[in-house]
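Student: structure for this input, please:
(one chain, ligands or ions: 1)
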Amino acid sequence: MKAIQDLYPDNLAHCYGCGKNNSQGHQLKTYVEGEETVSRFTPDMKYTAIPGSVYGGLIASLLDCHGTASAAAFACIAEKIDLNQVDLPIRCVTANLNINFKALTPQGEELVIRGKLKAIEGRKISVDMTLTAKGVVCATGEILAIRLKE
Ligand SMILES: CCCCCCCC(=O)SCCNC(=O)CCNC(=O)[C@H](O)C(C)(C)COP(=O)(O)OP(=O)(O)OC[C@H]1O[C@@H](n2cnc3c(N)ncnc32)[C@H](O)[C@@H]1OP(=O)(O)O
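Tutor: All right, here's what the predicted structure looks like:
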C-alpha cells in the first residue's frame, strides 16, 4: 500500500513535514498497519537539541504530519473509502496538538511514530500518538485534526 501522503493530490503535496512535492522538507511517510498507523524517520544531525538528542521542534513536526495523515486514513477507513485510490478525498489540518516529551530522543536512531484512532466526531478526528527510539517512548502526543470542507 502507498503512504497516505502519496495519496494527497499534487496541489496539496507541498507540506514542509510530509509533502512529496517539497524537496527541502521531511517527506514523512505514514502507512496503515492493522488498526494503527506508523511512520519511520531518522533525523539528520542538524536537528540537535542537547548534543546527542533530537530537537523537540522536529518531534512536533513529525507528530503533526503523522497525526493529520492518520486522521485522514482513519476517516477513510470509517467511511470504507479505498486507500489505494490515487487522490485521497479526505484532507485534514491540525487544530490542536499536545505533546509530552518523556525522555531525550537519541540522535542517530530510527524514530518510530505510531497512531491510534481515539475518536471521530463529525469533522473532528482525534488520534493518540507515540514516538519511540530503540523501543523507548520518548514522546507521546494527541492531535485534533479537522476534516476540510469539500
Ligand atoms: C492535505 C495536506 C495537509 C498537511 C497538513 C500537515 C499538518 C499541518 O501542519 S496543518 C497546518 C496547521 N494548521 C492550520 O493552519 C489550521 C488553522 N485553522 C483553521 O484553518 C481552521 O481553524 C480549521 C480548519 C481547523 C477549523 O475551521 P472550520 O473549518 O471553520 O471549522 P470550525 O467550525 O471552526 O470547527 C469545526 C469543529 O472543530 C472544533 N475546533 C476547531 N478548532 C479547534 C481547536 N483549536 N481546539 C478544539 N476544537 C476546535 C470546533 O469547535 C468545531 O467543533 P463542533 O463541530 O463540535 O462545533
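
Student: how is the most centrally placed residue in the chain assigned, secondary-structure-wise?
Tutor: Geometric centre of the chain, nearest residue: His66, 0.4 Å, by CA atoms, centre = their mean. Look at His66: counting by DSSP: H, G, I helix; E, B strand; the rest coil, its state is helix.

Student: how about it, what does it touch?
Tutor: By CB atoms under 8 Å, 6 or more residues apart in numbering, the contact list for His66 reads Leu28, Thr30, Thr37, Ser39, Ile113, Gly115, Met129. The C-beta positions use only the backbone N, C-alpha and C, and glycine is treated the same way.

Student: if you set the cut-off to 6 Å instead, what comes out?
Tutor: Thr30, Ser39, Ile113, Gly115 (CB atoms under 6 Å, 6 or more residues apart in numbering).

Student: cool, and Ser61?
Tutor: Counting by CB under 6 Å, 6+ apart, Ser61 touches Gly17.

Student: would you agree it falls within a strand?
Tutor: No: Ser61 sits outside any strand when classified using three-state DSSP, being helix.

Student: show the model's pLDDT score for it.
Tutor: You'll see Ser61 listed with a pLDDT of 98.

Student: same thing with Ser126?
Tutor: For Ser126, the predicted pLDDT is 98.

Student: for it, helix, strand, or coil?
Tutor: Classified using three-state DSSP, Ser126 is strand.

Student: same thing with Gln5?
Tutor: helix.

Student: number of nearby residues for it?
Tutor: 25 (other CB atoms under 10 Å).

Student: ditto for the one 3 residues further on
Tutor: Each residue near Tyr8 was counted by other CB under 10 Å, and the total is 22.

Student: same deal with Gly115?
Tutor: Counted with other CB under 10 Å, Gly115 comes out at 27.

Student: ok so it is a helix residue?
Tutor: No: counting by three-state DSSP, Gly115 is not part of a helix but strand.

Student: so what's it up against?
Tutor: Thr37, His66, Ser70, Val127, Met129 are the contacts of Gly115 under CB under 6 Å, 6+ apart.

Student: need the residues of this structure near the ligand, please.
Tutor: 8, 12, 15, 17, 64-65, 68, 91, 93-96, 122-124, 144, 146 (CB under 6 Å from any ligand atom).
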